[in-house]
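Asks: Give me a model of this one.
(chains A and B, ligands or ions: 2)
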Amino acid sequence: MPETRSRLSPLLKWSIVSFGIVCFILIIVLPVSSMFKFALEDGPYGFWKAITTENALNALKNSLLMASLATGINLVVGTTIAFSLTRYRFPGSSIFRALIDLPIAIPASVVGLALMMLYGPKGLLGPFFESNGIQIIFDLPGIVLAHVFVTFPFMVRAVSVVIEKFDHDLEDAAVTLGANGFQTFFRVMLPSIKSGLIAGSALTFTRSLGEFGATLIVFGGAMHLRTGPLYMYYLSDSAFDFQGATSVAILLMVVPFVLLLTVNAIVSRMEVSG
Amino acid sequence: MRADLSLDGISKAFGGETVLKDLDLTVEEGKMVSILGPSGCGKSTTLRIISGLVRQDRGAVRLGGKSLDNVPPHKRRIGFVFQSYALFPHLDVEENVKFGMKVGGMKKEHVKRRTDELLELVGMSDMRGKRPSHLSGGQKQRVAIARALAIDPQVLLLDEPFGALDVKIRRRLRRDLKALQRDLGLTSVFVTHDQDEAFELGDTTAVMNNGRIEQIGRPRDLYERPSTSFVARFVGNVNAIELPGGDRTTVMVRPEDIVMMHSSPDRKGGVKGTLINYVYLGPIIECNVRLTNGESLNVIISREEFRMRNYRRGDEVNIIIRKFSSFSDEEGV
Ligand SMILES: Nc1ncnc2c1ncn2[C@@H]1O[C@H](COP(=O)(O)OP(=O)(O)OP(=O)(O)O)[C@@H](O)[C@H]1O
Ligand SMILES: [Mg+2]
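Replies: Residues are numbered from 1 along each chain as shown, chains lettered A, B, ... in the order given. Ligands and ions are numbered 1, 2, ... in the order given. Below you'll find the model as predicted:
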């Protein structure tokens, strides 16, 4: 252990440390581990069965689908916005910048309601889309929009960070070497900001996998579109199937965790190799 | 017509702050002009305007008499070497050199042959597979030079390319660059605030100050016949002193244009002073003399003379100024 300078008495020091550890166990570790007791009630096989039922697989598939769509859309939209915010000044750009993080502060359920008020059956634009045969709320587009809304700041932030670090001389060098705008972007900018795109995608994807509040409101009982967290909620809240709910819950916890670890490893490797 | 590079009456302001003021400069085909000037005087801006990365407010950039103003920077074929090297971090040495040829759509075999030649030319053939992060500063700059040459540039611009390197490597690179520029007959502009570098590399040196070229010429012209007080001060060392005699004119005196002797009762001419300090600079000794009127003066004498006269700190000396210049633009100090 590295030496830390402290003038506190050993007794006080150890009291502080143990208090921290006890709190961590009470707040984080105990609730999480108690899930395992229920999930493994019928042994590992029970766990496996619970996460491979038709409904569970469908929910897992939907979650991955929404997360992929949200990530794909954010890669385009978020990157564009990150560029416009970091590279250009335009009237209102500082206000725009300040508003970017807003979705983090908005409660997810409020996001759901907001989308409902725009695209819902009584919303501002909902009837218009519906009369043209386009269903948004209670269907895939609504759910994807909710996921894009809540994950949007993650991509913008991750990409902005790498764009700000980008050495503009590289761009100038590319131009003087004869590269046009496209070539400069794809051959020089993009490879340099790749790590930010990957990190932003990972954050978006994981946040999307866990999204609950907004999805609950806009999904409106369209069972075939039920995502993992909604399915888990259904199992515990309506079906009282705690073994099933905790099994799905563990899956919902482990998948993003492994994903983030992997991506972090990839990104740090990329940064080391320059 | 030869492909001379010329800047005619270039002006540029950034947000109200004028950076270049009606700047004229000509670089003859195959020659290297070095631009020497203090930080912030507009050297980089000048190069960026030549390359098209920055657009001038007024004036024209011409190459062989033809204006480049409507040629976008990526079509100008003007090589640029940056102080920060600006090598693409995700590409290895070889791919960095190939970049310009690839985006220019050059044939594969040709690209390969030319890359080999260029790496050979800058002595980096052994490092071709390395990423820039694995190279030393000097090696990076060699690669950057090869990369800029790969587009067969009409003009090569170098913006303090050796500024981040230590003295030994600088000297070596300087010599290699000069040889290369002369052999290839590259029309080039080299920017620096290091006088030795400017003098060694440039066929002529342009001294720049405050957005203007104050004087352009060979080192000897700049040193012996400076046309402005700025050039006199910036090139070499100079003493700015008020002439004794009461007419209050300030003159510039080179430290080596001063004769110093021990004072003795029978010496009548000259000015009296005290030898405060001296610094050994190898072949020459730089002496600091305080005159009786309180002014401080740098005097340079040879090592032999210093030894012969056996100077010590605190010696009373007598000073005679052999040569001086004065400038109408000098407002007095
Ligand atoms: N893009 C820009 N926007 C605003 N001001 C600028 C810009 N580029 C340069 N300047 C200003 O113009 C002046 C000249 O800058 P320039 O970089 O040409 O100087 P320099 O002679 O190259 O200096 P140095 O030796 O420090 O590199 C400086 O005051 C600088 O702040
Ligand atoms: Mg500069």
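Asks: low-confidence ranges in the stretch 1-150 of chain A?
Replies: By pLDDT under 70, the low-scoring segments of the stretch 1-150 of chain A are A:1-6.
Asks: Residue of it nearest ligand 1, please.
Replies: In the stretch 1-150 of chain A, no residue comes nearer to ligand 1 than A:R89, which is 12.2 Å away by CB to the nearest ligand atom. Bear in mind the C-beta positions are built from the backbone N, C-alpha and C, glycine included.
Asks: ok, and what's touching the biggest helix by length in chain B?
Replies: Identified as the longest helix of chain B according to DSSP state H is helix B:167-184. For helix B:167-184, the external contacting residues (CB atoms under 8 Å, 6 or more residues apart in numbering or on different chains) are B:32, B:121-123, B:136-138, B:141-142, B:145, B:149, B:156, B:158, B:161-162, B:165, B:186, B:188, B:194, B:197, B:200-201.
Asks: any low-confidence regions in the stretch 151-300 of chain B?
Replies: In the stretch 151-300 of chain B, residues with pLDDT under 70: B:243-248, B:267.
Asks: Let's verify the residue of it found nearest chain A: helix, strand, or coil?
Replies: Nearest residue of the stretch 151-300 of chain B to chain A (CB to the nearest CB) works out as B:I151 at 5.7 Å. Here B:I151 is recorded as coil under DSSP: H, G, I helix; E, B strand; the rest coil.
Asks: From what I see, it and A:A179 are in contact.
Replies: No: between B:I151 and A:A179 there is no contact under CB atoms under 8 Å: 10.4 Å.
Asks: what touches both of those two?
Replies: Listed as contacting both B:I151 and A:A179 by CB under 8 Å, 6+ apart are B:G100.
Asks: coming back round to it: excluding chain neighbours, what is closest to the residue of the stretch 151-300 of chain B closest to chain A?
Replies: In this structure, B:I151 finds its nearest non-sequential neighbour in B:G100, 4.0 Å apart by CB to CB, 6 or more residues apart in numbering or on different chains.
Asks: State the helix or strand in which that neighbour lies.
Replies: Here B:G100 sits within helix B:93-103, counting by DSSP states H and E.
Asks: Please apply the same query to B:Y278.
Replies: Element membership for B:Y278, per DSSP H and E: strand B:271-281.
Asks: same deal with A:P191?
Replies: Assigned by DSSP H and E, A:P191 falls within helix A:190-210.
Asks: For the next helix or strand after that helix, name the packing helices and strands.
Replies: Moving toward the C-terminus from helix A:190-210, the next helix or strand (DSSP H and E) is helix A:213-219. If you count contacts as 3 or more CB pairs under 8 Å, 6 or more residues apart in numbering or on different chains; DSSP states H and E, helix A:213-219 packs onto helix A:108-119, helix A:140-165, helix A:228-237.
Asks: Could you list the residues in contact with helix A:213-219?
Replies: If you take CB under 8 Å, 6+ apart as the criterion, helix A:213-219 is touched by A:66, A:107-109, A:111-113, A:115-116, A:137-138, A:142-143, A:145-147, A:149-150, A:225-227, A:229-230, A:233.
Asks: give me that answer again for 7 Å
Replies: A:107-109, A:111-113, A:115-116, A:137-138, A:142-143, A:146, A:149-150, A:225-227, A:230 (CB atoms under 7 Å, 6 or more residues apart in numbering or on different chains).
Asks: now swap in stretch B:220-230 and tell me
Replies: Residues outside stretch B:220-230 that contact it (CB under 7 Å, 6+ apart): B:205, B:207, B:209, B:214-215, B:231-232, B:235-236, B:252, B:325, B:327, B:329-330.
Asks: buried sites along that stretch?
Replies: Residues B:D221, B:L222, B:Y223, B:P226, B:S227, B:T228, B:S229, B:F230 are the ones in stretch B:220-230 that count as buried (16 or more other CB atoms under 10 Å in any protein chain shown).
Asks: do the same with stretch B:150-159
Replies: Neighbour-count burial for stretch B:150-159 flags B:A150, B:I151, B:P153, B:Q154, B:V155, B:L156, B:L157, B:L158, B:D159 (criterion: 16+ other CB under 10 Å).
Asks: Quick one: end-to-end length of that stretch, please.
Replies: 18 Å (CA to CA, to the nearest Å).
Asks: That one and ligand 1, any residue contact?
Replies: No: contact of stretch B:150-159 with ligand 1 (CB under 6 Å from any ligand atom) is absent, the minimum separation being 7.1 Å.
Asks: Show me the contact partners of that stretch.
Replies: By CB under 7 Å, 6+ apart, the list of residues contacting stretch B:150-159 from outside reads A:177-178, B:3, B:5, B:44, B:47, B:50-51, B:63, B:77-83, B:97, B:100-101, B:104, B:114, B:118, B:148, B:186-191.
Asks: For burial, what's the neighbour tally of B:R55?
Replies: As a burial measure, B:R55 scores 11 neighbours (other CB atoms under 10 Å in any protein chain shown).
Asks: right, I mislabeled it, should have said A:G46
Replies: When neighbours are defined as other CB under 10 Å, A:G46 has 16 of them.
Asks: Run the angle between the helix or strand hosting it and helix A:228-237 for me.
Replies: For A:G46, the host element (DSSP H and E) is helix A:43-51. Using axes from the mean of the first three to the mean of the last three CA atoms, to 10 degrees, the inter-axis angle of helix A:43-51 relative to helix A:228-237 is 110 degrees.
Asks: what comes up buried for helix A:43-51?
Replies: A:G46, A:F47, A:A50, A:I51.
Asks: How is the closest residue to A:A222 other than its chain neighbours assigned, secondary-structure-wise?
Replies: Residue nearest to A:A222 in three dimensions, not counting chain neighbours: A:F138, with 5.4 Å by CB to CB, 6+ apart. The three-state assignment at A:F138 reads coil, by three-state DSSP.
Asks: wait, what's in contact with A:F138?
Replies: Contacts of A:F138 by CB under 7 Å, 6+ apart are A:V218, A:F219, A:G220, A:A222.
Asks: The first one - nearest residue in space that isn't next to it in sequence?
Replies: To tie it back to what came earlier, the one meant is A:V218. Leaving aside its chain neighbours, A:V218 sits nearest to A:G142 (4.2 Å; criterion: CB to CB, 6+ apart).
Asks: correct me, but the one you found touches A:Y119?
Replies: Yes: using CB atoms under 7 Å, A:G142 is in contact with A:Y119, at 6.1 Å.
Asks: shared neighbours, these two?
Replies: Listed as contacting both A:G142 and A:Y119 by CB under 7 Å, 6+ apart are A:I136.
Asks: Tell me how many other residues surround residue 236.
Replies: Picked chain A for this. When neighbours are defined as other CB under 10 Å, A:S236 has 17 of them.
Asks: Can you look at chain B instead?
Replies: 16.
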